[in-house]
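Enquirer: need coordinates for the below:
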Amino acid sequence: MKDLTTMSLEELWQLFPIVLKEHDPAYREWYEEERARLSAVWGPRLARISHIGSTAVPGLLAKPTVDILMELDPDVDPREVLDRTLDEGWLAMSGAPTRPVKLVFNKGYTPEGFARKVFHLHVRTPGDWDELYFRDYLIDHPGRARQYAHLKMELKGRYEHDRDAYTQAKGSFIGETTALARAAYPGRHLPRPRG
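Expert: Next up, the predicted model:
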């Protein structure tokens, strides 16, 4: 059996197709468990941690993958972020250990396919991130969330084994929704001074 790091993109897409499931309230518990682990690792250098993505929106059809946005103090060493996160059992997906920190990790991808619990961890320095606005808008606007679910089902039919195309095809909807959210909630997620 091949190691995930030696598989081609096409092999990975076959092993990890786009899967959409009805919302599971357990996603919140999965997030809370992982939040507690990450908080213990990073302590006071953790500026903010948030459940983002479709699993953070009650009732929304989603890939059963819990997305977490972890914002660390700007002075944290990017190499330390990479090394410590790998030591905690995460796999690096994208990014490089440079400033500002912008790394993505995953957990729950195995050579046999998806584990029962799957996570994506987006590590950044504090910011006014689009993902937070997008999440809030879908929670507050169920009609828009239903439109998003319909779009995802349509795109799954076309791109089940092409994650990049699936993600890219959602881009316009996400951009439009995020613009609506930023207009509705100006400055809602600006980093707050710590002290």
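Enquirer: if I pick L132, what's in contact with it?
Expert: Contacts for L132 (Cβ atoms under 8 Å, 6 or more residues apart in numbering) come out as 50, 52, 69, 188-189. (C-beta placed from N, C-alpha, C; glycine too.)
Enquirer: export the residues you listed as TSV, with columns for secondary structure and neighbour count.
Expert: Formatted as TSV, these follow (DSSP: H, G, I helix; E, B strand; the rest coil; neighbours: other Cβ atoms under 10 Å):
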residue	secondary structure	neighbour count
S50	strand	19
I52	strand	21
L69	strand	22
R188	coil	12
H189	coil	21
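Enquirer: between those residues, which is nearest V19?
Expert: I52 (18.6 Å; Cβ to Cβ).
Enquirer: wait, that closest one touches L138, no?
Expert: No. Using Cβ atoms under 8 Å, I52 makes no contact with L138, being 10.7 Å away.
Enquirer: any idea which of the contacts of L132 is closest to Y166?
Expert: Nearest member of those to Y166, counting by Cβ to Cβ, is I52, at 17.5 Å.
Enquirer: phi and psi next, for the residue sitting nearest the centre point of the chain.
Expert: Using Cα atoms, centre = their mean, the residue of the chain that lies closest to the mean C-alpha position is D67, 3.0 Å off. With angles defined as degrees, to the nearest 10, D67 sits at phi -90, psi 130.
Enquirer: fine by me, thanks again.
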